[in-house]
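Asker: missing the sequence, but the structure's below:
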């Protein structure tokens with residue numbers, strides 16, 4: 001994935017992801033940031049949280065934290 005286009009590609013991809021999967025992405029990225037806040041990828045995880053949230057808002061959906069089975 002081209003680094004310069006990563007943001008546009010991620011936003012376009014999230015338009016094709018089911019709503020429940022967007023909630024899992026948000027939860028997973030939050031956990032990754034909490035577990036290793038000094039990880040160089042944290043910025044990307046925050047971007048994914050933001051883009052998944054933007055897509056939920058566009059759909060009129062709310063973030064519902066997935067429950068662990």
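Answerer: Done, it's in. Since this is a predicted model, take the numbers as computed values, not measurements. Numbers count the residues shown, from 1 in each chain.

Asker: where along the protein do the helices fall?
Answerer: 6-14, 19-35, 42-59 (DSSP state H).

Asker: what's the closest of the ones you listed to residue 67?
Answerer: The closest of the helices of the chain to residue 67 is helix 19-35. By C-beta to C-beta, the value is 9.9 Å. Quick note: C-beta positions are derived from backbone N, CA and C, even for glycine.

Asker: tell me what that closest one is packed against?
Answerer: Packed against helix 19-35 by the contact rule (3 or more C-beta pairs under 8 Å, 6 or more residues apart in numbering; DSSP states H and E) you find helix 42-59.

Asker: What mean pLDDT does the helix it packs on get?
Answerer: In this model, helix 42-59 has a mean pLDDT of 97.

Asker: now the angle from that helix to helix 19-35?
Answerer: Counting by axes from the mean of the first three to the mean of the last three C-alpha atoms, to 10 degrees, helix 42-59 lies at 150 degrees to helix 19-35.

Asker: tell me which residues in helix 42-59 are buried?
Answerer: Neighbour counts over helix 42-59 (16 or more other C-beta atoms under 10 Å) mark 45, 47-49, 51-53, 55-56 as buried.

Asker: likewise stretch 13-29?
Answerer: The neighbour-count check on stretch 13-29 (16+ other C-beta under 10 Å) flags 14, 22-23, 25-27, 29 as buried.
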